[in-house]
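Asks: sequence-free structure coming up:
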């Protein structure tokens, strides 16, 4: 039976949304196979981006776009909080158990309560001023005076983010490097505030990678990532990261929804990647998630492994990802509403009904390790035309 007309329209919107005026991600628009990256940044329409990719093997930048532009950091500032805490703990740089219990979820799962703790105990804006001097950061600054308690309003740029990771990888004491990077390599799909943080670098490239993500915006509703149990028990932040200021301060936009992806990609942490994005006011999390994914997949990242499959849009809220092509078992997680996903293959399974429509085809999502009914894939037919069978 043919799919809903609005699902087909959604597919068209996803393609056209990424295709405006030389800013399309042509290699990974909805419904096209994943391909090698283009040699220049492709920014989806309506998105403001600051990007830097540094190849440590050659010592050169392969991508720079607005690399010195200042963005509110959201949770990327947690890198500086962790480094400031570890700075004077030599010679062994041991981390007490109580601090490990905070720092590990702060780095892996972007826990806001841990960031609140270190922001207050380490001196707030003094942390940023210290780290600017220690690392020679050029564009980084503390939050505006009227937002002193908002650590996520610290300003950062893509080039300063590269500097932070270069310090971690090339200059930091071994125990500091191993602690911070080791935790970033264990980044969880579900953040402490239940957002799916597998966007940008984590979705665009195969491992090995290490990531520290950031997000902020009142149009991003409460997250729905994780199993039913995790949804009930996951810690929520105090709102510091997602709070929305009434107006911008200086040259840093505090108004538009932000989504950032930073980290390393490739064997031996060959590439440092920093992607900062701002989206139009009111942009949904799923749309921002899709757009930063398309941008990141367009980057020239030498030696990076790209995931195989087909990128397609989805529709509906709270789409369940199941462990097999049926509704009999509890979901693994739920998709951000309207997010574009990588489909590895499809097969027949349990028939799903969204009256008066039905569909018994299911899509396998390798990056989630689970299945969604094709009824929620933005394709004109029950069986997706160009995706192979499992």
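Replies: Everything's here; your move. What you see is a predicted model, and the numbers here were worked out from it, not measured in a lab. Numbers count the residues shown, from 1 in each chain.
Asks: all helices in this protein, in order from the N-terminus.
Replies: Using DSSP state H, the helices of the chain run over 5-17, 78-86, 97-109, 112-121, 125-135, 158-170, 174-184, 201-204, 228-233, 285-297.
Asks: Residue 373 is nearest to which of the ones you listed?
Replies: helix 5-17 (11.7 Å; Cβ to Cβ). The C-beta positions use only the backbone N, C-alpha and C, and glycine is treated the same way.
Asks: avg pLDDT for that closest one?
Replies: For helix 5-17, mean pLDDT is 35.
Asks: for stretch 132-148, same thing?
Replies: Mean predicted confidence for stretch 132-148 is 96.
Asks: Make residue 1 into 694 and carry on from there
Replies: Noted, 694 is the first residue going forward, which turns the last one into stretch 825-841.
Asks: That stretch spans what distance, first to last residue?
Replies: The first residue of stretch 825-841 is 17 Å away from its last residue (Cα to Cα, to the nearest Å).
Asks: do stretch 781-790 as well
Replies: End to end - Cα to Cα - stretch 781-790 spans 17 Å.
Asks: what's the answer for stretch 859-874, then?
Replies: 12 Å.
Asks: contact partners of that stretch?
Replies: Residues outside stretch 859-874 that contact it (Cβ atoms under 8 Å, 6 or more residues apart in numbering): 747, 749, 772, 775-776, 779, 783, 785-788, 796, 800, 828, 903, 957, 962, 965.
Asks: again, only using 7 Å
Replies: 775, 779, 783, 785, 786, 788, 800, 828, 903, 962, 965 (Cβ atoms under 7 Å, 6 or more residues apart in numbering).
Asks: Same list, those, but as TSV with distance to residue 870 and neighbour count please.
Replies: Listed next are the contacts of stretch 859-874 as TSV, based on distance: Cβ to Cβ, whole Å; neighbours: other Cβ atoms under 10 Å:
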residue	distance to residue 870	neighbour count
775	12	27
779	10	21
783	13	11
785	14	8
786	10	17
788	13	19
800	13	27
828	14	18
903	11	25
962	10	21
965	13	27
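Asks: want to throw these into CSV with distance to residue 953?
Replies: Below are the contacts of stretch 859-874 laid out as CSV (distance: Cβ to Cβ, whole Å):
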residue, distance to residue 953
775, 16
779, 22
783, 30
785, 33
786, 27
788, 26
800, 15
828, 18
903, 15
962, 19
965, 14
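Asks: And these, which is closest to residue 914?
Replies: residue 800 (24.7 Å).
Asks: From residue 861, how far off is the closest one?
Replies: 11 Å (Cβ to Cβ, to the nearest Å).
Asks: what two of the contacts of stretch 859-874 are the furthest from one another?
Replies: Largest pairwise distance in the contacts of stretch 859-874, by Cβ to Cβ, is 27.1 Å, between 785 and 965.
Asks: What count of nearby residues applies to the nearest residue to residue 1043 once chain neighbours are set aside?
Replies: Once flanking residues are discounted, residue 1043 sits nearest to residue 1019: 3.9 Å by Cβ to Cβ, 6 or more residues apart in numbering. The tally of other residues near residue 1019 (other Cβ atoms under 10 Å) stands at 14.
Asks: And residue 719, what's its pLDDT?
Replies: At residue 719, pLDDT is 32.
Asks: Quote the end-to-end distance of stretch 945-962.
Replies: 30 Å.
Asks: Residue 822: neighbouring residues, count only.
Replies: 14.
Asks: quick one on the thing from earlier: which stretch among the helices of the chain comes nearest residue 1074?
Replies: Of all the helices of the chain, it is helix 698-710 that lies closest to residue 1074, at 8.9 Å by Cβ to Cβ.
Asks: what sits against residue 766?
Replies: Applying Cβ under 7 Å, 6+ apart to residue 766 gives the contacts 845, 847, 848, 849, 907.
Asks: Would you list the phi and psi of it?
Replies: When quoted as degrees, to the nearest 10, the phi and psi of residue 766 stand at phi -70, psi -30.
Asks: Please report the distance of residue 801 from residue 949.
Replies: To residue 949, residue 801 is 27 Å away according to Cβ to Cβ.
Asks: the more surrounded of those two?
Replies: More neighbours surround residue 949 than the other of residue 801 and residue 949, with 23 against 20 (other Cβ under 10 Å).
Asks: Not including adjacent chain positions, what is the nearest residue to that one?
Replies: residue 971 (4.2 Å).
Asks: what does the model give residue 740 for pLDDT?
Replies: For residue 740, pLDDT reads 98.
Asks: Correct me if wrong: it contacts residue 983.
Replies: No - using Cβ atoms under 7 Å, residue 740 is not in contact with residue 983; the gap is 10.5 Å.
Asks: Between these two, tell me which one has more neighbours.
Replies: Under the neighbour definition other Cβ under 10 Å, residue 740 and residue 983 were set side by side, and residue 983 has more, 27 against 22.
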